[in-house]
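generate a structure from the sequence data that follows.
(chains A and B)
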Amino acid sequence: MKLELRGITKRFGALTANDHIDLTIEPGEIHCLLGENGAGKSTLMNVLYGLYKADEGEILLDDTVVHFSGPGDALAAGIGMVHQHFMLIPVFTVAENVMLGHEPVKGGIVLDLPAARELVREISERFGFEIDPDDVVENLPVGAQQRVEIIKALARDAKVLVLDEPTAVLTPQETDELMVIMKQLAASGTSIVFITHKLREVREVADRITVVRLGKIVATASPTASTKELASLMVGRTVDLSVDKNPPKLGAESFVVAGLTVLDATGNRLLDDVTFTIREGEVLAIAGVQGNGQTELTEAILGLRSGVRGSVTLDGKELVGASVRDSLDAGIGFVPEDRKKDGLVAEFSVAENLMLDRSVGEPFAKGLTIKFDYLEDFAEKAIEEFDIRTQGTTTLAGRLSGGNQQKVVLARELSRELRLLIASQPTRGLDVGSIEFVHDRIIATRDSGIPVLIVSTELDEVLGLADRIAVMYRGRIVGIVGPDTTRARLGEMMAGIES
Amino acid sequence: MSKKNPAASPEAVDPVLDTTLDPALEEPAEASRWKVALDEILSGSPLRTILAIILAFVIGAVLIILTNEDFIKASGYIFSRPSDAWNAARGAVGDSYGALFRGSILNFNGDNFTAVVRPFTETLRLAGPLIVAGLGIALSFRVGMFNIGGQGQLLFGAGFAAFVSFQLHLPFPLHLLVAIVVGIGAAAAFGSLVGFLKAKTGAHEVIVTIMLNYVAFYLLTYVMRTPILQDPTAGGTPKTVAPDKSAQFPLLFGDGFALHWGFILVIGATVFFWWLMERSTLGYRFRAVGLNPSAARTAGINVDRVYILAMAISAAFVGLAGVNQALGRTAGFTPNIDSGIGFDAITVALLGGSNAVGVFLAGILFGAMKAGGPAMQVADVAPELLGVVQGLIVLFIAAPPLIRAIFRLPAASTKIPGSRGRIRALKKGVTK
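Residues are numbered from 1 along each chain as shown, chains lettered A, B, ... in the order given. Next up, the predicted model:
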């Protein structure tokens, strides 16, 4: 099936998210939509999927104009979508999830589960998905869950499959497997729209590449284009993706984690006997697939968790059992992995967010009254220094783009006298320009002689920043290796293979 | 900062807004449905509030017309003489809303100046407890909590103030001050219990406050039957002794008016509320916890302590309403001293958008309806009609899409209560 978008324009108020976008997807093609966050990729796909109504333009399927008033119409027309966040019911089996919404029935009312199971088995075998229809979804690894999403779409005869940032949650191995699946599907005639901002994947799998920037199509490129070329098209300038840094000037082992264990309410070990040290002026990066104890590790260090055993010392001061306030006062700067939930108050202004961790006493308050003049000056300096793109100090933080929100968090955390910086997923969801900025600040912090702990699921980031890499799997540290370790070896470790 | 992004050139989309333009990218809100609804209600614009009030009064007018005897008679022959029905309708609405105005603002029929302006001072007197109690509830809203325990906290404040007012015998200003402080303190302690239970056990404050309303009411009734509070002349009925003269709020404008110094305290409380919520570090922490407890905790704010403190201060404001009730009189009172203020305060807080000025004005409006009720009754309209109007006002405020649809207003912006004042303060900082 040939899919054509003609002159699609979508406005949100004064903002044009999609500006006369023309896009043709040929049958059996893997078409990559490449662009920074906020470039308008997802908006475009939501228009295609019937979630948004375009202000202008039309959608054609095999040269016939179609109108979708909701995802139901799009599905019926053969367009399937795999969202970034899976739309699965965890306690249902694969077959139950796949049939949800169009349950096969016998005799009008009786659920025909065997038919659904057969369908899943058939699709799974045809493409080598290795999915058992009777497995409960929550027991499956993330990569398998994603394949269930794909089966869901194929079970409804999707001719065009939209994959929205599908690799964000996958290990390198799972990503490679997904690439193979994508190629198989394309070979069998399914068109694939692959939305991403990861350049390496694009070059590996795409037949054609369309680059979107600020709501407009800026170029079409072939997969033979170099990473550098693609990156410059994406951001509109030449970027340097590698992180420039000098060899570390190592100081004392000021941060020591020994035998750190975190138990949940039922006694499960979320973090199991984790031990490492970081020296002054060194970056230790924790690599691993999301959900292998990284969150618990940073929260335990900061004092946000209960059920913590073991020891965490910073400059000789024991932090297990200390309150968050004590940990911050000991000199920890913390960039949380979920900045919207833990890093910012979206309804507070930029200025108010900058004093979130110091709401008592100097420098932002005199007695019980906030010194708004001082706060204003402070905010202006931070906006200048951290290049925060905001209309002003009073703009609500929730109105900023992800990159600028992250700069607000960084500006706040780095403005204190630090003895340790913990940055969790510091560049998740950021555009290339902001990534570069954040990385530079992190390296600058390290070079000023402060130990830095980075948690990241992005191998590129880990390899770029780290002086040493600790790989986590199921709450344990599989091993601590040097930054020259190969991608393949790190991938194995992330899957729990020790050596 | 050499890394200016040329992509963000002037003709480009404002980078400040770029990711928020796509609602599908937004994570589903973690906050509870209650909180989302509350945020929506509290972000209401003054315009919408005024329209809601007007609309409620219009519907009230329709009710007045439809229940008016003359109109019903005239509508029997409406096609032969429509003017009769029209005149009857106009007369009915004019009479009753006229009576409401005369009863609550100015009575033009008064013989002397005192009689003319007395209704407005009555409005202020009745508004006082509504305003402070409303401020208390508003504070809990701003911290993301639902204090439904206004009644109980008010009764605690009134009961303890009453105890001091006739069991201790002190000279005038001191006696009054001690009674006020004890009343407020008792209510604050009672309220902090709610915060404590929430912080330590996770008990939901709605359940706890509702249950504590019963505890407070029956406890006070019980104590009013014992010598601690009971008026010995009252026989078996639970009724307190009248406060000593030295513990009563003095009248503001002499004997002609019942308005007393309690209202000055209300004004002071309103100013204090504004400072607390918009200017102080404590209010900053309250707001941070109310808007995003997770981020507040991560930034080192002790969220549990904030819950306890916020409930204590919230209850202290409500307690002041109780003190106002107990000491703003020359006679004793029964356990019905609350007279619905504890619950009306929730309405006042919602109507006032949980900010100081809004709650003050909303309190005056509700006070006016209380003051004007008897006059309306004289004009042959049952004052219960005003209850309907009050309910409708809140319904319209709480159902923003409805009022937007009726008046074809654009969708609500994401304004946060009190943010305009803070933005002004910040702007003042710029010009300096």
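
got the domain boundaries for chain B?
With domains defined by automatic domain parsing, chain B comprises B:43-104+B:379-409, B:134-372.

to A:Ala300, which of these lies closest?
Ranking the domains of chain B by proximity to A:Ala300 (CB to CB) places domain B:134-372 first, at 13.3 Å. For glycine as for every other residue, the C-beta is placed from the backbone atoms N, C-alpha and C.

just the domains of chain B: most buried one?
Most buried of the domains of chain B, by mean neighbour count (mean count of other CB atoms under 10 Å in any protein chain shown): domain B:134-372, with a mean of 22.

quick one: distance of that one to the chain centre.
Averaging C-alpha positions (CA atoms, centre = their mean, to the nearest Å) puts domain B:134-372 11 Å from its chain's average.

ok, now which ones touch the residue lying farthest from the centre of chain A?
Distance from the C-alpha centroid of chain A peaks at A:Gly107, with 45.4 Å (CA atoms, centre = their mean). Applying CB atoms under 8 Å, 6 or more residues apart in numbering or on different chains to A:Gly107 gives no contacts.

tell me how far it lies from B:Ile264.
79 Å (CB to CB, to the nearest Å).

show me which residues of the stretch 251-400 of chain B are close to chain A?
Contacts of the stretch 251-400 of chain B with chain A, taken as CB under 8 Å from any CB of the partner chain, map to B:275, B:279-282, B:284-285, B:287-288, B:291-292, B:294-302.

so which of the residues you listed sit within helices?
B:275, B:281-282, B:284-285, B:287-288, B:291, B:294-298 (DSSP state H).

using a markdown table, lay out these together with distance to B:Gly91.
As requested, those are exported to a markdown table (distance: CB to CB, whole Å):
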| residue | distance to B:Gly91 |
| --- | --- |
| B:Trp275 | 48 |
| B:Thr281 | 57 |
| B:Leu282 | 54 |
| B:Tyr284 | 54 |
| B:Arg285 | 56 |
| B:Arg287 | 50 |
| B:Ala288 | 55 |
| B:Leu291 | 51 |
| B:Ser294 | 59 |
| B:Ala295 | 59 |
| B:Ala296 | 58 |
| B:Arg297 | 62 |
| B:Thr298 | 64 |
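
confidence score at the residue of the stretch 51-200 of chain A found nearest chain B?
Nearest to chain B in the stretch 51-200 of chain A, going by CB to the nearest CB, is A:Leu51, at a distance of 6.3 Å. pLDDT recorded at A:Leu51 is 84.

remind me what the host helix or strand of B:Ala74 packs against, helices and strands.
B:Ala74 is part of helix B:69-75 when elements are defined by DSSP states H and E. Contact analysis of helix B:69-75 by 3 or more CB pairs under 8 Å, 6 or more residues apart in numbering or on different chains; DSSP states H and E lists helix B:82-104 as its packing neighbours.

which other helices and strands contact the helix it packs on?
helix B:46-66, helix B:69-75, helix B:113-142, helix B:356-378.

show me how far that helix is from its chain's centre.
That offset, for helix B:82-104, works out to 29 Å (CA atoms, centre = their mean).

can you give me the helices for the stretch 51-200 of chain A?
Ranges of helices within the stretch 51-200 of chain A are A:71-76, A:94-99, A:113-127, A:142-155, A:172-187, A:199-205, based on DSSP state H, counting those that start in this stretch.

sorry, back to before: adding pLDDT, write the ones in helices among the residues of the stretch 251-400 of chain B next to chain A out as TSV.
Formatted as TSV, those follow (pLDDT from 0 to 100):
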residue	pLDDT
B:Trp275	96
B:Thr281	94
B:Leu282	95
B:Tyr284	95
B:Arg285	95
B:Arg287	95
B:Ala288	95
B:Leu291	93
B:Ser294	93
B:Ala295	95
B:Ala296	95
B:Arg297	94
B:Thr298	94
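
so where is chain B shaky, pLDDT-wise?
Along chain B, segments meeting pLDDT under 70 span B:1-44, B:400-432.

actually the stretch 101-250 of chain A, not the one I wrote
Checking the stretch 101-250 of chain A against pLDDT under 70 turns up A:235-241.

80 instead?
For the stretch 101-250 of chain A, the stretches with pLDDT under 80 are A:101-109, A:141-142, A:168-172, A:197-200, A:214, A:226-244.

can you list the residues of the stretch 201-350 of chain A near chain B?
So the stretch 201-350 of chain A meets chain B at A:213-215, A:235-237, A:302, A:304, A:323-325, A:327-329, A:334, A:336, A:340-349 (CB under 8 Å from any CB).

neighbours of the residue of the stretch 51-200 of chain A closest to chain B, how many?
17 (other CB atoms under 10 Å in any protein chain shown).

quick one: it and A:Asp73, what's the gap?
For A:Leu51, the distance to A:Asp73 - CB to CB - is 11 Å.

domain ranges for chain A?
According to automatic domain parsing, the ranges for chain A are A:3-235, A:255-494.

which strand or helix spans the closest residue to A:Thr457 other than its chain neighbours?
Distance criterion CB to CB, 6 or more residues apart in numbering or on different chains; nearest residue to A:Thr457, sequence neighbours excluded, is A:Gln290 at 5.1 Å. Using DSSP H and E, A:Gln290 is not contained in any helix or strand.
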